[in-house]
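J.: here's my sequence, what's the structure:
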Amino acid sequence: MKYMWRVTKYNPVNRDDVGIYLLDEWTSFSDIGKSYQGVKLTISEYVKFEKLYIDAILQFMSCNEVENLIITGLEKYDDENVDKVINYIREGMILDKEQIKIVAQHVLREKLWCKLILDEVFYVHFGYDYIMYIGSNKKCQKVIKEIECNKMFVEPFKSPYLEEYE
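T.: Numbers count the residues shown, from 1 in each chain. From the prediction side, this is the model:
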C-alpha cells in the first residue's frame, strides 16, 4: 500500500512523544454508561462515533473505487447476546457496502473481529481501544479533510495487523 493511516476519535495533540494517548477517554462499546472526564458516555454519543468510523470506511472505499471487501482473520466471540445476523459471516466472504456496514458495526461493538481487504488495493483493520487502520493506493486528501471536519483524526500510520500479502 502506498498510503496508510490510523483513523480515530483521539486527537493526536493528546499523545506523548512515543504515541501514548494521555487522556482518559472511552475506548469500547462496553464503556457506555461510564463517565470520562466528568461526562457519561451515552448510547447516542457512542452511535454517533460508530457511524463516523463506518462512514470513513465507505468514504475511503469510494476514493479507491472499491465496491467489495473480503473478510480475513475472522474471529467470532462466544456470547449469548451475539446478534444472529453475524451467523452468516464466514472467512473469505466477499462483502458489499451494506454488509461492510454491518460487519464493521459488529467489530466496533466487539462481537467479532476481522480484517477487510481487497488484494493489494485497500484494507481496513480494527485495533484495540477503538482504533481503525486504513491502507490505500490512493492519497484520498479530500476524504481525509471530510473525515477531519467530523471531529475524527487521520494520521499517517502503518497498521500493526498488516501482513506481507496485504
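J.: contacts and neighbour counts: CA atoms only from here.
T.: Noted.
J.: tell me the buried residues in stretch 60-67?
T.: Using 16 or more other Cα atoms under 10 Å as the test for burial, stretch 60-67 gives Phe60, Met61, Cys63, Asn64, Val66.
J.: Val7 versus Lys48, what's the distance?
T.: As defined by Cα to Cα, to the nearest Å, Lys48 lies at a distance of 15 Å from Val7.
J.: these two: which is more packed in?
T.: The residue with more neighbours, out of Lys48 and Val7, is Val7; 24 against 11, by other Cα atoms under 10 Å.
J.: the helix or strand containing the more buried one: what's the following helix or strand?
T.: Following DSSP states H and E, one finds Val7 within strand 3-8. Next helix or strand after strand 3-8 toward the C-terminus (DSSP H and E): strand 35-36.
J.: so what touches the following helix or strand past that next one?
T.: Scanning forward in sequence from strand 35-36 by DSSP H and E, the next helix or strand is strand 39-40. Residues from elsewhere that reach strand 39-40, judged by Cα atoms under 8 Å, 6 or more residues apart in numbering: Ile32, Gly33, Lys34.
J.: excluding chain neighbours, what is closest to the second one?
T.: Meaning Gly33. The shortest distance from Gly33 to any non-neighbouring residue, by Cα to Cα, 6 or more residues apart in numbering, is to Leu41 (5.3 Å).
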